[in-house]
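Colleague: I need the structure of the sequence given here:
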Amino acid sequence: MVAQGVPVWRQQLDVSRNTTTEGLGSLLETFASLAGSSGTLAGQLDREAEADTSTKAA
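Modeller: Okay, the predicted model is just below:
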């Protein structure tokens, strides 16, 4: 009975490990994309603020 349960348990651990690895990889990719988008937005806002300031100064 135990001999039959161990391979199933090991297989479940392997599946869980693979799923976790894929999920964490996807999560990291999402955060990296979000960080890149936030940096792009911050740069655009800075440029707009500079343009707005130079227009008011003129």
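Colleague: For the rest of this, base every contact and every neighbour count on C-alpha atoms.
Modeller: Noted.
Colleague: does residue 42 sit in a helix or strand, and which one?
Modeller: Here residue 42, judged by DSSP states H and E, is contained in helix 2-57.
Colleague: now that helix, how far from the centre of its chain.
Modeller: 0 Å (C-alpha atoms, centre = their mean, to the nearest Å).
Colleague: taking the mean pLDDT, what do you get for it?
Modeller: Across helix 2-57, pLDDT averages out at 91.
Colleague: Begin at 301, not 1, for the rest of this chat.
Modeller: OK, 301 is where the count begins now, so the last one is helix 302-357.
Colleague: Can you name every helix or strand that it contacts?
Modeller: Packing contacts for helix 302-357, counted by 3 or more C-alpha pairs under 8 Å, 6 or more residues apart in numbering; DSSP states H and E, involve no helix or strand.
Colleague: contacting residues around residue 329?
Modeller: By C-alpha atoms under 8 Å, 6 or more residues apart in numbering, the contact list for residue 329 is empty.
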